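sequence plus the predicted model coming up.
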Amino acid sequence: MTIISKMIWEVISSPLKETKIVVKGKDTIVVKAKANLSGKNLSYVDISKGDLKNANLSHANLYHANLRNANLRNANLRNANLRNANLRNANLRNANLRNADLKGADLTNADIRGTILEEMG
């Protein structure tokens with residue numbers, strides 16, 4: 001896996017309910033409903049206001065990612081690295097955050113109703 005860090009990312013949301021993550025000078029990732037980004041390195045990505053509803057982001061590296069105002073409703077973030085991520089005002093309703101690393105993450109005004117944070121035993 002190529003490690004991309006401290007690069008400039010641009011996110012473009014379209015009326016077709018897809019989010020394009022553009023790495024300047026690199027490839028474009030088009031994220032549609034139920035996107036599978038499991039295990040991807042998305043550190044320092046800016047997905048503010050992006051629509052990642054129902055996305056699979058399990059085991060993804062979202063270190064220092066900007067997810068401010070992002071729609072992560074029903075997203076699978078199990079075992080994701082969300083250290084120092086900006087999740088201000090994010091919609092995390094019914095998201096799966098089991099074993100996610102949230103150290104230093106900013107969850108100010110995030111909607112976490114129904115969010116799964118740990119294993120039920």
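Perfect, I can see it now.

any low-confidence regions in the protein?
Within the chain, the stretches with pLDDT under 70 are 1-34, 119-121.

can you give me the strands for this protein?
Secondary structure of the chain (DSSP state E): strands located at 9-13, 19-23, 28-31.

report the contact partners of Asn56.
Listed by C-beta atoms under 8 Å, 6 or more residues apart in numbering, the contact set of Asn56 reads Lys34, Ala35, Asn36, Leu37, Ser38, Ala75, Asn76. From N, CA and C alone the C-beta is placed, and that goes for glycine too.

so which of those residues comes closest to Tyr44?
Distances from Tyr44 to the contacts of Asn56, taken as C-beta to C-beta, are shortest for Leu37 (14.8 Å).

if any of the contacts of Asn56 are buried, give me the PyMOL selection for them.
Selecting only the buried entries of those in PyMOL, with 16 or more other C-beta atoms under 10 Å as the criterion:
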select buried, resi 35+37+75+76
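
could you dump the contacts of Asn56 to TSV with distance to Tyr44?
Below are the contacts of Asn56 laid out as TSV (distance: C-beta to C-beta, whole Å):
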residue	distance to Tyr44
Lys34	24
Ala35	19
Asn36	21
Leu37	15
Ser38	19
Ala75	19
Asn76	21
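
between the contacts of Asn56, which is nearest Leu62?
The closest of the contacts of Asn56, once distances to Leu62 are taken by C-beta to C-beta, is Leu37, at 9.3 Å.

my guess is that closest one contacts Asn61. True?
No: in this structure, Leu37 is not within contact of Asn61 by C-beta atoms under 8 Å, at 10.2 Å.
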